[in-house]
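Asker: I would like the atomic coordinates for the input below:
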Amino acid sequence: MKSVLITGANKGIGFETAKQLLQQGFYVYLGSRDLTNGNEAVEKLKQEGLTNVETVELDVTNENSVKAAREAIGKKTTELDILINNAGINGGMSYTALEANSDQFLKTFDTNVFGVARVTQAFIDLLKKATAPRIVNVSTSVGSLTLQSDPNWPAYDYAKYAVYGASKAALNMYTVHLAYELRDTNIKVNAVCPGYTKTDFTNHNGGEVSTAAKRIIKYALIDENGPSGKFFSEETNPETGEIPW
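Answerer: Reported below is the predicted structural model:
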């Protein structure tokens with residue numbers, strides 16, 4: 001049975017992604033910063049008959065927590081097929097580039113960028129042992145420098161996303177370098193924007209969470225001929241999905 005680790009999966013898009021992958025026959029390690037919240041999420045899934053899932057206490061901002069999660073999963077399996085770096089924070093709403101303080105930037109980057117690096121580095125050995133490993137870094141179209149600098153871009157005036165957008169732009173660059181370093185392996189790495197979705201993250205505005213999860217899963221399940229080192233947002237580009245960095 002193939003396995004997947006999803007960070008920040010106790011609610012929202014992460015939870016829905018876990019649910020859909022369970023329905024497709026995966027064993028899911030449901031990463032949650034708070035163990036109680038994670039266990040509650042797992043119980044919800046099991047009540048729907050989706051039993052191949054377990055909670056992994058995982059705070060992506062804490063080095064010891066990441067190491068403990070790696071040790072715990074390593075006792076259960078010798079390989080990991082998919083890593084979905086989903087955990088993220090928005091840095092606070094309505095904070096512009098001139099209003100946000102350094103602590104806001106540091107906290108947001110610690111989760112959205114440094115956290116992804118911590119988790120990826122911790123689990124890369126298990127991924128390398130899988131037959132067709134995939135890494136999906138959950139990003140956003142407002143992290144595209146090309147789009148965000150275009151006055152015709154619908155989100156051009158979203159100055160309130162300065163902290164969040166900057167962190168996701170940095171995540172995108174990390175994705176580019178990670179894909180490059182893994183170019184001679186069987187690991188494929190992509191950044192995926194799930195789209196503006198109805199979750200706590202957006203005060204429940206936007207599209208359906210089921211659609212967002214499908215967008216992530218699509219690139220978690222690409223075959224050997226699939227892309228690597230690309231940035232996708234099917235909400236932005238319904239035809240090919242790919243958008244500029």
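
Asker: list the contacts of the residue most central in space within the chain.
Answerer: In the chain, the centroid-proximal residue (Cα atoms, centre = their mean) is Asn86; its distance is 2.4 Å. Shown in contact with Asn86 (Cβ atoms under 8 Å, 6 or more residues apart in numbering): 6-9, 13-14, 17, 138, 216. Placement of C-beta: from N, CA and C, glycine included.

Asker: kindly recompute the last result at 10 Å.
Answerer: Taking Cβ atoms under 10 Å, 6 or more residues apart in numbering, we find Asn86 in contact with 5-9, 12-15, 17-18, 31, 60, 116, 136-138, 192, 194, 213, 216.

Asker: please report how far it lies from Gly12.
Answerer: Distance, Asn86 to Gly12, using Cβ to Cβ, to the nearest Å: 8 Å.

Asker: joint contacts of the two?
Answerer: Residues touching both Asn86 and Gly12 (Cβ under 10 Å, 6+ apart) are 194, 213.

Asker: what segments of this structure are strands?
Answerer: Secondary structure of the chain (DSSP state E): strands at 3-6, 27-32, 53-57, 82-85, 134-138, 188-192, 230-232.

Asker: can I get these in CSV including distance to Lys168?
Answerer: Below are the strands of the chain laid out as CSV (distance: least, Cβ to Cβ, whole Å):
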stretch, distance to Lys168
strand 3-6, 18
strand 27-32, 19
strand 53-57, 24
strand 82-85, 12
strand 134-138, 9
strand 188-192, 8
strand 230-232, 10
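
Asker: any chance of these in CSV, plus mean pLDDT, mean neighbour count and distance to Asn112?
Answerer: Output for those, formatted as CSV (pLDDT from 0 to 100; neighbours: other Cβ atoms under 10 Å; distance: least, Cβ to Cβ, whole Å):
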stretch, mean pLDDT, mean neighbour count, distance to Asn112
strand 3-6, 98, 26, 16
strand 27-32, 98, 26, 15
strand 53-57, 98, 21, 19
strand 82-85, 98, 28, 9
strand 134-138, 98, 26, 9
strand 188-192, 98, 27, 12
strand 230-232, 98, 23, 15
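
Asker: which one, of these, ends up nearest to Thr240?
Answerer: Nearest to Thr240, of all the strands of the chain, is strand 230-232, at 8.6 Å by Cβ to Cβ.
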